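1. Okay, sequence plus prediction incoming.
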Number of protein chains: 2
Amino acid sequence: MKKPKENNGNVTLKEVAAVLGVSTMTVSRAINDKPNVDALTKKKILDTAKKMGYTPNLVAKSLVSSKTYTIGVVIPEISHSFFPEVVKGIQEEANKKNYQIFLTNTSDDFETEKKVIDALRAKRVDGILVSSSQTKEDVGYYQKIIASGLPLVFFDRCFENIGASCIGVNDFSASQQITEHLINRGYKRIGYLSGPRKVSIGKERFGGYVAAMNQHGLEIDDRWVIENGFNEAGGYHAMGKLLTLPEKARPNAVAAVNDPVAFGAMDAIREAGLKVPDDIAIVGFTNDIRAGLVASPLTTVHQPAYEVGKKAASKLIKTIEDRTERVENVQLITKLIIRKSCGS
Amino acid sequence: MKKPKENNGNVTLKEVAAVLGVSTMTVSRAINDKPNVDALTKKKILDTAKKMGYTPNLVAKSLVSSKTYTIGVVIPEISHSFFPEVVKGIQEEANKKNYQIFLTNTSDDFETEKKVIDALRAKRVDGILVSSSQTKEDVGYYQKIIASGLPLVFFDRCFENIGASCIGVNDFSASQQITEHLINRGYKRIGYLSGPRKVSIGKERFGGYVAAMNQHGLEIDDRWVIENGFNEAGGYHAMGKLLTLPEKARPNAVAAVNDPVAFGAMDAIREAGLKVPDDIAIVGFTNDIRAGLVASPLTTVHQPAYEVGKKAASKLIKTIEDRTERVENVQLITKLIIRKSCGS
DNA sequence: CTTCGCTATGTTAGCGATAACATATCGTTC
DNA sequence: GAACGATATGTTATCGCTAACATAGCGAAG
C-alpha cells in the first residue's frame, strides 16, 4: 500500500509545494533562483526540496522552452582512433556550456545515418554535429535538414556551399604535401589507396595526390588507384589488388587515404613477403595513435582531432544560441609527421 | 510575415489535424498505428503528415509516458582504447532496441561523475551504465541512486553487493594468472604499478598480483608497489620512482595495472637507458590496440571490450523493461596474450 | 424496428514545468 | 490615513502528446 502515484520515484514541484502549503510557482521561483521570493520561504523550500530528493524534470522544462540542452553527434566509426579524440573535444566543450551529447555511430552507412538523425530530431536536440558517410552525392537530405532550421555543423567531412559550417583541415593541400614528400624522396611510381570518393575527404585527399603528381609531371597509371573502405580491411584489400600487378608494373610507393588503410596495406605487404619502405614505401593520413609504433613507423599527416571536436562543438553552440552566427569553413592546421615508412 | 507561431519550424499533431479537419487524437492514433482508424482516414493523415514534414515530438511523449528511450553512459576516459570499443558495443545493442545514448566522460574524477549523473537524472534517462572512478570508498552515493529506483548497471569497474548488476572480467584471477606467467618465466623480484585502489579494478588486480606472489612464496618489497593514475603519465611516474631505487634493490620485472600504464613505464625505462625485457620485463592488462605494436610487444590480458559493452547495455535494457530482472555479476572470459615484453 | 455492440471519432484532463497575469500585503509618502 | 509602489505569492493557460472516457453511426440479431 504505497502512494498510488508512482512516477518512477521522482518528486515533483507540486509535491514539494503541497508539503509546504505554497503554490508550485513559488517553489519553481525559489528553485530557479528567480527574484521575488522571501528569503525565509526560499530557504524552507530549498531545504524540503533537498530532503525530499527533488530533481528537476528537464523533460517537462524542455517541452515548455523548446530547448533541450542536448546535441546529437553523428560519427562514422568510433573505433577509428581519430574519433574518440574528437568526441573528447566535443564533450568537454559541450559540458562547459551545459549541453549533453547523444552519441551515434553510423558504421559509415548513409541509411543508418539518416535514421539516427531522424531519431535525434524526434528527441528535439538543439543541434547536430555530423561527420557524414556521404558528402558528395546525395546533398538533398542535408539541404532539407538545414532548410528546416535545425542547427548543424559538419566536422572532418564537409559538404561545400550547403549553408552549414564545417570544421576540418585542408585535406587537399595536406594530401598534396605528403605526396610531394614522397616525390622529393625520389619516388616516381606512386599509387593511391583511396577511400570512397563520395565523401569529401575521399575526394579531396585523392585530388591532392593527383595535383602533386601532375605538378611534377608524373604519370598516374589507372591501375595504381584503388578505391575501398576507410578502414584496415579496406587498405588490406586495396593493397592486395595492387600486389597482383607484375612487379615492374607496380608502384614502389603508395599514399593511403588514412592511417588505418595504411596499416591494412602494411599487413598485405608483409604477408606478400615484402618490406616497407624498401620494397614499397607508404604514407598515411590522420596520425593514428598507432602510427609511430608499427614495425615501420608511418609517415603521416597529423590532424588536430581534439581541436576539431572542440571547435565544432563551440561553433554549433554559438549557432544554436545566436541564429545569426555566420556560416564558416574552418580549416585547422595539419602537420606533416615524418617517420620511416617513406624511406629514410 | 510568416506564421506567428514559430516553434523551431516543427509541425505538431494539432497542425496536421487542423489541415484535415479531424481531431488530434485521430491523427495520433493514425501515426502510432493504433487500432480503430478508418483505412482511408489513416492514409490521408499519413500523407499530409509526411507532406507537412511532421516529426513526432518525443519530448512531449516522454513527459506523458515517463519514458525517454535514452540511457546515460558514464565512462572515465574515452581516449583509453578499451572504452571506444565498449561504447561501440553499447551503441549497437542500444540502437537495436531503439534507445539513444548520452555519452559522458568523467576524466576519472568522482566529483565530475556525480555531477554528470545528476544531469542525466534530470534529463530522465531510463537507466545508466557506469564505469565509476570510485568503487571502493564512497558507496553511499550509488546506494542512494540504486535505492531511488533508477536502473543502473556497472561495467568494467564494479561495486560489490550494492544491488546493481555488473559486467566485467575476473580481474583478480586474470591478474594472478599473468603474474604467475612472469613467475614461471623465472622472475622472482616482481614489482607492481598500481592504479588507484579505491577503484575495484585497482584493488582486484593488485590482489591477484599479491596472491600469485604469496602462493609462490615470493617476497613483495614495499618499495616495489607504486600507486598512480590509470594512464600513460601514471605509469611513467610510477616507473620513474621505481628506477630511483639502486639497481640491486629494484625489481627486474613489473606487472602494470593496465596497458597505458605499461606504455608509460616503458617510456621511463627507455629513457633510463634500459631495455625491455632484458633489464626489466613488463606485463600489462587490457590488450590495448597498441599492445602488439610497441618496440617490445606487450604481454597482456585481453579483455572483450565490445562484448562488455553489448552485454552491459543488454542487461540494463532488460532491467529497465522488466524491473524484476535479477541482479547479476557477469564475468566475461579473458585471455592471456603472450608477446615479448615478458622475455621470450 | 428496436436494441445491442462494434468501429470510428471526439472531448477532457493531465504529464511537470513556466510565462503572464492577478492579487495580497506592507511600508512610504504627502 | 489614503494612495501608491514594491515585494511576495497565487491562478491560469500552455508546451505536444496520449489515456480514458464519451459519443455517434451503422450493421446484426431478435
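-> Structure's in. What do you need? Residues are numbered from 1 along each chain as shown, chains lettered A, B, ... in the order given.

2. any idea how chain A splits into domains?
-> Annotated domains of chain A cover A:7-56, A:68-168+A:305-332, A:171-303 [automatic domain parsing].

3. of all those, which lies closest to B:Leu332?
-> B:Leu332 sits nearest to domain A:68-168+A:305-332 of all the domains of chain A, at 18.6 Å, using C-beta to C-beta. Every residue, glycine included, has its C-beta placed from N, CA and C.

4. and the closest one, anywhere near chain B?
-> Yes. Judged by C-beta under 8 Å from any C-beta of the partner chain, domain A:68-168+A:305-332 comes into contact with chain B at A:68, A:70, A:73, A:78-79, A:81, A:83-85, A:87-88, A:91-92, A:95, A:100-105, A:116, A:118-124, A:148-150.

5. about what we covered before: dump the domains of chain A to JSON lines, plus distance to B:Ile128 and mean pLDDT.
-> Listed next are those as JSON lines, based on distance: least, C-beta to C-beta, whole Å; pLDDT from 0 to 100:
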{"stretch": "domain A:7-56", "distance to B:Ile128": "13", "mean pLDDT": "92"}
{"stretch": "domain A:68-168+A:305-332", "distance to B:Ile128": "12", "mean pLDDT": "95"}
{"stretch": "domain A:171-303", "distance to B:Ile128": "28", "mean pLDDT": "96"}
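
6. Just tell me which of those domains ends up closest to B:Arg290.
-> Per C-beta to C-beta, nearest to B:Arg290 of those: domain A:171-303, 5.5 Å.

7. Can I get the domains of chain A in a markdown table including mean neighbour count?
-> As requested, the domains of chain A are arranged in a markdown table below (neighbours: other C-beta atoms under 10 Å in any protein chain shown):
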| stretch | mean neighbour count |
| --- | --- |
| domain A:7-56 | 15 |
| domain A:68-168+A:305-332 | 20 |
| domain A:171-303 | 20 |
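
8. can I get those domains in JSON lines with distance to B:Leu20?
-> JSON lines is the format used below for the domains of chain A (distance: least, C-beta to C-beta, whole Å):
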{"stretch": "domain A:7-56", "distance to B:Leu20": "35"}
{"stretch": "domain A:68-168+A:305-332", "distance to B:Leu20": "22"}
{"stretch": "domain A:171-303", "distance to B:Leu20": "39"}
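
9. Dump those domains to CSV, plus distance to DNA strand D.
-> CSV is the format used below for the domains of chain A (distance: least, C-beta to the nearest atom of the strand, whole Å):
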stretch, distance to DNA strand D
domain A:7-56, 3
domain A:68-168+A:305-332, 9
domain A:171-303, 34
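
10. So which of those is nearest B:Thr24?
-> Closest among the domains of chain A, using C-beta to C-beta: domain A:68-168+A:305-332, at 17.5 Å.

11. before we move on, back to that, specify the stretch among the domains of chain A that is closest to DNA strand C.
-> Of all the domains of chain A, domain A:7-56 sits nearest to DNA strand C, with 3.2 Å by C-beta to the nearest atom of the strand.

12. Now find how far off-centre that closest one is within its chain.
-> Between the centre of domain A:7-56 and the centre of its chain there are 41 Å (C-alpha atoms, centre = their mean, to the nearest Å).

13. Show me what A:Val153 bridges to in the sheet.
-> A:Leu129, A:Ser165 (DSSP bridges).

14. Could you verify my assumption that it touches A:Cys166?
-> Yes. Applying C-beta atoms under 8 Å, one finds A:Val153 in contact with A:Cys166, separated by 7.0 Å.

15. So for the two, which residues contact both of them?
-> Among the neighbours of A:Val153, none is also in contact with A:Cys166 (C-beta atoms under 8 Å, 6 or more residues apart in numbering or on different chains).

16. List the contacts of A:Val254.
-> Here A:Val254 is in contact with A:190-193, A:224, A:239, A:242, A:265, A:280-283 (C-beta under 8 Å, 6+ apart).

17. nope, A:Val225 is what I meant
-> Contacts of A:Val225 by C-beta under 8 Å, 6+ apart are A:191-192, A:194, A:206.

18. Please tabulate these in CSV, including the columns distance to B:Lys335 and secondary structure.
-> Output for the contacts of A:Val225, formatted as CSV (distance: C-beta to C-beta, whole Å; DSSP: H, G, I helix; E, B strand; the rest coil):
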residue, distance to B:Lys335, secondary structure
A:Gly191, 37, strand
A:Tyr192, 38, strand
A:Ser194, 36, strand
A:Phe206, 40, helix
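
19. Out of the residues you listed, which comes closest to B:Phe172?
-> Closest to B:Phe172 out of the contacts of A:Val225 is A:Ser194 (48.1 Å), distances taken as C-beta to C-beta.

20. For chain B, see how far away the closest one is.
-> With distances taken as C-beta to the nearest C-beta, to the nearest Å, A:Ser194 is found 24 Å from chain B.

21. And for A:Phe159, nearest residue in space, chain neighbours not counted?
-> In this structure, A:Phe159 finds its nearest non-sequential neighbour in A:Thr135, 4.9 Å apart by C-beta to C-beta, 6 or more residues apart in numbering or on different chains.

22. Can you tell me the SS state at the one you found?
-> Under DSSP: H, G, I helix; E, B strand; the rest coil, A:Thr135 falls in the coil class.

23. my guess is it meets A:Gly195, correct?
-> No. The pair A:Thr135 / A:Gly195 is not scored as a contact, 11.7 Å apart, by C-beta under 8 Å.

24. Okay, strands next: where are they in the stretch 201-344 of chain A?
-> A:225-227, A:253-256, A:281-283, A:300-302, A:329-332, A:335-337 (DSSP state E, counting those that start in this stretch).

25. if I look at A:Asn57, how far off is DNA strand D?
-> Separation of A:Asn57 from DNA strand D (C-beta to the nearest atom of the strand, to the nearest Å): 11 Å.

26. how far away is that residue from A:Gly72?
-> 21 Å (C-beta to C-beta, to the nearest Å).

27. Point out the residues in the stretch 201-344 of chain A that sit beside DNA strand C.
-> Residues of the stretch 201-344 of chain A found near DNA strand C (C-beta under 7 Å from any atom of the strand): none.

28. one step back: ok, which of the strands of the stretch 201-344 of chain A comes nearest A:Lys311?
-> With C-beta to C-beta as the measure, strand A:329-332 is the member of these nearest A:Lys311 (6.1 Å).

29. Within its sheet, name the partner strands of the closest one and how each one runs.
-> strand A:165-169 (parallel).

30. just checking, next helix/strand downstream of the strand it pairs with?
-> helix A:171-184 (DSSP states H and E).

31. helices and strands around that following helix, which ones?
-> When contacts are defined as 3 or more C-beta pairs under 8 Å, 6 or more residues apart in numbering or on different chains; DSSP states H and E, helix A:171-184 packs onto strand A:190-194, helix A:200-215, strand A:253-256, strand A:281-283, strand A:300-302, strand A:335-337.

32. List the residues that contact the closest residue to A:Glu227 other than its chain neighbours.
-> Residue nearest to A:Glu227 in three dimensions, not counting chain neighbours: A:Ser194, with 4.5 Å by C-beta to C-beta, 6+ apart. The neighbours of A:Ser194, taking C-beta under 8 Å, 6+ apart as the test, are A:202, A:205-206, A:225-228, A:238, A:257.

33. now do A:Ala30
-> Contacts of A:Ala30 (C-beta under 8 Å, 6+ apart): A:37, A:41-42, A:45-46, A:49.

34. continuing past the one helix or strand it maps to, what's the next helix or strand?
-> Assigned by DSSP H and E, A:Ala30 falls within helix A:24-31. On the C-terminal side of helix A:24-31, the closest following helix or strand by DSSP H and E is helix A:39-52.
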